[in-house]
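> can you look at this prediction? I've put the sequence above it.
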Amino acid sequence: MSSNQNARRLFRRRWVLAWGGMAAVGLLVPGCGPRVKGLNVVRGKVTYGGGPWPKEGMITFAGGPRPASAKFDTEGNFAVESFEKQQGLFPGKYKVSVECWEEQPQMMVPNSGKSYVPNKYRSPASSDLEITVEAGKPLTDLKLDIPKK
């Protein structure tokens, strides 16, 4: 067998292995797998003094089996995403905190930034906002209000 034939065989083997590997990876790409069982859809609206927000922000659900967060728009609408863009939270009790910054804090500058949200609601430890997610029951109309400073 000539070295030219050996080279072609080796090339074909590598080609088959490469395509097989890419196909296997394609099956594992996030979002292509099965839906995570036990997640309950959680979406709603968080208002600012009963009305819209001056900027977009973030709402965080701490505690429970697996914490999660969601961005909200200036109208306060949000949908929780927990796993690879799959919506929801596992059943459990969650403390809720909210962030919306007029001026973003700087990492190396203590006490920098200016928040629209009162300090009490910026941390799950101090926030009195709580929700309970029950198994098999989506929360699709959750309504929360953050008072203005």
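Arrived safely.

> please make it C-alpha for all contacts and neighbour counts, starting now.
Fine.

> doesn't Lys120 lie inside a strand?
No. According to DSSP: H, G, I helix; E, B strand; the rest coil, Lys120 belongs to no strand; its state is helix.

> any idea how far it is from Ala68?
Distance, Lys120 to Ala68, using C-alpha to C-alpha, to the nearest Å: 19 Å.

> also Ser123?
Distance from Ser123 to Ala68, by C-alpha to C-alpha: 14 Å.

> and if you look at Pro138?
The span separating Pro138 from Ala68 equals 15 Å under the rule C-alpha to C-alpha.

> which one of the two is surrounded by more residues?
Remark: of Pro138 and Ala68, Ala68 carries more neighbours, 20 against 17, as counted by other C-alpha atoms under 10 Å.

> and that one, what is it in contact with?
60-62, 80-82, 89 (C-alpha atoms under 8 Å, 6 or more residues apart in numbering).

> turn the residues you listed into JSON lines, columns for neighbour count and secondary structure.
Formatted as JSON lines, those follow (neighbours: other C-alpha atoms under 10 Å; DSSP: H, G, I helix; E, B strand; the rest coil):
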{"residue": "Thr60", "neighbour count": "20", "secondary structure": "strand"}
{"residue": "Phe61", "neighbour count": "22", "secondary structure": "strand"}
{"residue": "Ala62", "neighbour count": "19", "secondary structure": "strand"}
{"residue": "Val80", "neighbour count": "23", "secondary structure": "coil"}
{"residue": "Glu81", "neighbour count": "19", "secondary structure": "strand"}
{"residue": "Ser82", "neighbour count": "19", "secondary structure": "strand"}
{"residue": "Leu89", "neighbour count": "29", "secondary structure": "strand"}
